[in-house]
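J.: A predicted structure for the sequence below; I have some questions about it.
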Amino acid sequence: MLDCKKALDEADGDYDKAVELIRVKGLKGVTKREGRTTSNGLVIAKTEGNLGVMLELNCETDFVAKGDRFQELAAELLEQLVATKAADVATFSATKFSNGKSVQEVIDEGNATLGEKIELRRIAVLEGSPVALYLHRTSPDLPPQLGVLVQLASDALEAGKDVAQHIAAFAPSFIRREDIPADQIESERRIAEETARNEGKPEVSIAKVVEGRVTGFVKEVSLLEQSFAKDAKKTVQQIVDEAKTAVSAFHRFKVGQ
């Protein structure tokens with residue numbers, strides 16, 4: 001309020017000039033805010049036919065995150081992502097809206113208007129086959145802060161949403177065990193062996209213990225081998241098979257993680 005009063009005084013009561021002064025001063029403050037931490041924000045997403053897009057927009061405080069202007073900015077960016085289907089943040093940030101402004105310029109203006117560091121952290125685009133979506137609010141007074149997109153081989157969106165909810169809860173890193181890098185498996189095997197020896201396991205049983213722990217790790221990080229959240233007697237693979245589809249890709253965004 002004080003800044004607005006000062007701007008009006010400086011502009012001799014001219015409202016439009018006062019708004020311009022506030023924007024100029026706000027943009028000057030953008031660089032000063034670059035080192036600040038953006039640990040709040042939202043995840044926003046949508047699906048259209050065989051297209052699914054999602055982005056994470058960060059800010060400094062939950063006060064800004066729950067505000068209309070911040071959420072409107074996120075919605076504007078999401079529509080631009082739908083239109084451009086950009087592959088990465090750098091490419092997307094350089095794309096231009098119909099008014100000639102780039103995505104980064106629009107974010108900088110939001111930064112200036114809201115008085116906090118606003119940062120586009122990541123984006124995701126899935127296209128070519130049906131995409132299921134799940135958004136989750138971690139607090140009822142905040143916008144969604146967790147989002148999942150799941151691309152399916154065929155139209156089975158009800159099962160796809162169930163799988164998306166499962167991914168939200170259990171945060172797998174890969175679709176299947178074959179996707180896990182070999183060096184990561186070897187690292188887990190080495191750690192498991194060292195741990196077993198430190199625990200004093202008998203030499204004859206170490207190999208079995210190690211393989212058991214590596215198998216446990218694989219089930220923990222591989223989506224299709226996890227026990228399904230809504231029915232622990234089944235794996236996610238069984239749920240997908242029953243729906244006569246397959247998971248082609250997924251993205252899971254959670255603010256701050």
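T.: Everything's here; your move. Note that the structure is predicted; figures quoted are calculated from it, not measured.
J.: and the strands in the protein?
T.: Counting by DSSP state E, the chain has strands at residues 40-48, 51-59, 119-127, 131-136, 146-152, 227-228, 231-235, 247-254.
J.: what about the spatially closest residue to residue 171 that is not a sequence neighbour, distance to residue 237?
T.: Leaving aside its sequence neighbours, residue 171 sits nearest to residue 252 (Cβ to Cβ, 6 or more residues apart in numbering; 6.2 Å). Bear in mind the C-beta positions are built from the backbone N, C-alpha and C, glycine included. Going from residue 252 to residue 237 by Cβ to Cβ, to the nearest Å gives 18 Å.
J.: okay, residue 44: pLDDT?
T.: pLDDT, residue 44: 98.
J.: for residue 174, what are its contacts?
T.: Counting by Cβ atoms under 8 Å, 6 or more residues apart in numbering, residue 174 touches 180, 221-223.
J.: in the sheet, who's paired with it?
T.: Here residue 174 sits in beta bridges with residue 222, going by DSSP bridges.
J.: tell me, how many residues neighbour residue 251?
T.: 20 (other Cβ atoms under 10 Å).
J.: mind listing what it touches?
T.: Taking Cβ under 8 Å, 6+ apart as the test, what residue 251 contacts is 54, 124, 126, 148-149.
J.: could I get the residues you listed as TSV with distance to residue 246 and pLDDT?
T.: Converted to TSV, these look like this (distance: Cβ to Cβ, whole Å; pLDDT from 0 to 100):
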residue	distance to residue 246	pLDDT
54	21	98
124	19	98
126	14	98
148	17	98
149	15	98
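J.: domain ranges for this structure?
T.: The record's domain parsing of the chain by automatic domain parsing lists 1-33, 34-178+222-254, 181-217.
J.: return the most buried member of those.
T.: domain 34-178+222-254 (a mean of 18; mean count of other Cβ atoms under 10 Å).
J.: helices of the stretch 101-250 of the chain, start to end?
T.: Remark: helices assigned in the stretch 101-250 of the chain by DSSP state H, counting those that start in this stretch are 103-114, 157-170, 182-198, 203-221, 236-242.
J.: among the ones you listed, which comes closest to residue 49?
T.: helix 157-170 (11.5 Å; Cβ to Cβ).
J.: so in the chain, where's the weakest helix or strand by average pLDDT?
T.: Lowest on mean pLDDT, DSSP states H and E among the helices and strands of the chain sits helix 15-28, with a mean of 58.
J.: residue contacts, residue 155?
T.: Counted by Cβ under 8 Å, 6+ apart, residue 155 has contacts 130, 245.
J.: shaky segments in this structure?
T.: 1-12, 15-38 (pLDDT under 70).
J.: now do the contacts for the closest residue to residue 131 other than its chain neighbours.
T.: Computed as Cβ to Cβ, 6+ apart, the closest residue to residue 131 that is not its neighbour in sequence is residue 52, at 3.1 Å. The contact partners of residue 52, taken as Cβ under 8 Å, 6+ apart, are 45-46, 124-127, 131-133, 149, 151.
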